[in-house]
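> Structure for the following, please:
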Amino acid sequence: MAAISNRWMSRKRRGGVILVVAAAALVLSGAMGIRQTFGLFLGPFSFEHGIPVATVALAVALHNLVWGFAQPFAGAAADRYGVAPVVAFGALVFAGGLALAAHAPSGPMLVLGMGLMVGIGISCTSFGVVLTAVGRAATPEARSSALGLASAGGSLGQVLLVPFAGTITSAAGMTAALLALAGIILAVAPLGFWLDGGDRPSTADAETASANLSDVLLQACRNPGYQLLTLGFFTCGFQLAFIATHLPGYLSLCHMPASLSATALALIGLFNMAGSWGCGWLGGRFRQQHVLAWLYLIRGVAIGAFALVPKTEAVVIVFAAVMGLTWLGTVPLTSGLVAKVFGVRHLGTLFGIVFLSHQIGSFLGAWLGGVVLDATGSYGPVWAATALAGLLAALLHFPIDDRPVSAGLPIPARP
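Here you go, the predicted model:
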């Protein structure tokens with residue numbers, strides 16, 4: 001009887017994890033898919049509202065920065081109150097920001113809507129909150145794969161929503177497209193209740209389950225591996241925000257057709273589905289920091305090569321495919337590594353701090369792209385910086401120590 005009961009509980013546990021992963025994928029699809037459309041609106045905001053490209057880029061960049069600073073607080077709220085109320089609040093603010101941006105008559109209103117409000121909203125509906133639920137529901141052995149699968153499913157929104165937004169913008173205008181996207185994020189908000197439904201491990205993280213947040217934060221901040229991981233994640237944000245925001249404009253400068261921009265962004269999302277799942281799978285079989293290092297190295301080389309070779313439609317498609325394979329695979333690996341070292345009790349808060357570094361990089365990648373273009377008429381210097389940053393991030397990740405930190409150990413003194 002005991003064996004039968006254990007098997008039944010195991011099946012029930014797996015069913016709960018599958019439900020949580022599916023809900024996480026759908027919420028991420030809405031939030032991240034909408035965010036990936038912002039690069040399509042740089043031109044329309046400038047042409048239809050007369051807002052300078054640098055100001056539009058500032059709004060997009062600011063949402064990344066606000067997202068980063070809000071993420072530790074959103075993660076801490078999810079740790080304490082559950083994921084559902086945080087996702088619901090974030091969806092409302094996210095939708096409000098999109099609606100305000102859709103009717104923005106000037107730069108300040110655009111910055112308020114797409115910068116401040118969208119940043120707060122996405123901090124509550126994206127990785128730092130949603131993947132926390134997945135990390136807690138899955139066992140330590142399956143955690144990396146589950147995180148990768150949720151991240152991969154979340155890329156479906158990028159595949160579908162980028163061309164969706166482009167089609168509506170062409171047919172009915174930018175305002176209609178932004179309002180449609182606001183409706184989508186509101187529609188996925190109720191899925192947050194599923195994210196709180198997974199069974200949580202009772203023994204896998206016994207040493208860290210009762211740790212005080214202040215003790216864990218001190219351990220993390222004084223842990224060299226956590227410091228290197230945080231620095232490396234800056235590079236990820238810088239690279240992704242620059243490419244997502246400015247690739248359409250760059251291709252336009254290269255006299256490529258406008259439709260190719262939407263195709264490239266959609267392909268990034270499509271290949272990211274395989275890349276995120278693959279990185280999560282590799283993270284369950286190899287040391288996660290080593291997989292991260294190779295991912296950054298491949299991405300940096302691909303960016304450098306793309307900046308140097310003559311641009312053709314085939315080159316753009318190949319570049320989008322390579323970027324997709326390495327796009328968000330960093331997220332399940334990084335969050336999984338944090339969970340491995342520090343446990344899942346305060347995963348939302350600890351990953352939120354690492355993610356702040358990512359978003360500071362995102363702010364600079366999106367903003368500096370516009371500033372450099374306005375100042376020089378070229379994206380060349382930023383492409384070079386983006387490629388070199390990938391090589392530096394690879395060097396930072398190889399020496400990371402992934403041994404679990406026991407909550408019972410004294411906090412190490414600073415050297």
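> Please look at residue 348 and residue 79 and confirm they touch.
Yes - using CB atoms under 8 Å, residue 348 is in contact with residue 79, at 4.5 Å. C-beta here means a position set from N, CA and C on the backbone, and glycine is covered the same way.
> Of the two, give the one with the bigger neighbour count.
residue 348 (30 against 22; other CB atoms under 10 Å).
> Could you check how far that one is from residue 235?
Separation of residue 348 from residue 235 (CB to CB, to the nearest Å): 23 Å.
> what does residue 273 give?
22 Å.
> Could you check which of those two is surrounded by more residues?
Between residue 273 and residue 235, counting by other CB under 10 Å, residue 235 is the more crowded of the two (27 against 23).
> List the buried residues in the one helix or strand that one maps to.
Using DSSP states H and E, the element containing residue 235 is helix 224-253. With burial defined by 16 or more other CB atoms under 10 Å, the residues of helix 224-253 counted as buried are 225-251.
> just stretch 80-97 next, same as before
For stretch 80-97, by 16+ other CB under 10 Å, it's 83-84, 86-97.
> thinking again about what came up before, who touches both of residue 348 and residue 79?
In terms of CB atoms under 8 Å, 6 or more residues apart in numbering, residue 348 and residue 79 are both contacted by the residues residue 132.
> What does residue 363 show for phi and psi?
phi -60, psi -50 (degrees, to the nearest 10).
> which residues sit in contact with it?
61, 62, 64, 65, 68, 237, 241.
> switch the cut-off to 7 Å
By CB atoms under 7 Å, 6 or more residues apart in numbering, the contact set of residue 363 is 61, 62, 64, 65.
> Tell me which of those fall in helices.
Taking DSSP state H as the definition of helices, those contribute 61, 62, 64, 65.
> what about residue 344, which SS state?
coil (DSSP: H, G, I helix; E, B strand; the rest coil).
> number of nearby residues for it?
Neighbours of residue 344 (other CB under 10 Å): 26.
> can you give me phi and psi for it?
The phi/psi pair for residue 344 (degrees, to the nearest 10) is phi -110, psi -10.
> give the contact list for the most centrally placed residue in the chain.
Centroid-nearest residue in the chain, with CA atoms, centre = their mean: residue 127, separated by 5.9 Å. Residues near residue 127 by CB under 7 Å, 6+ apart: 331, 335, 355.
> Go again with 8 Å.
Contacts of residue 127 by CB under 8 Å, 6+ apart are 28, 151, 331, 335, 351, 355.
> do residue 369 as well
57, 242, 245, 246, 379, 382.
> ok, now residue 234?
Here residue 234 is in contact with 357, 358, 360, 361, 393 (criterion: CB under 8 Å, 6+ apart).
> can you pull the pLDDT of residue 407?
Looking at residue 407, its pLDDT is 45.
> what does residue 364 give?
pLDDT at residue 364 comes out at 87.
> Next one: the residue nearest to it when sequence neighbours are not counted from residue 163, what distance?
Nearest residue to residue 364, sequence neighbours excluded (CB to CB, 6 or more residues apart in numbering): residue 238, at 5.8 Å. To residue 163, residue 238 is 26 Å away according to CB to CB.
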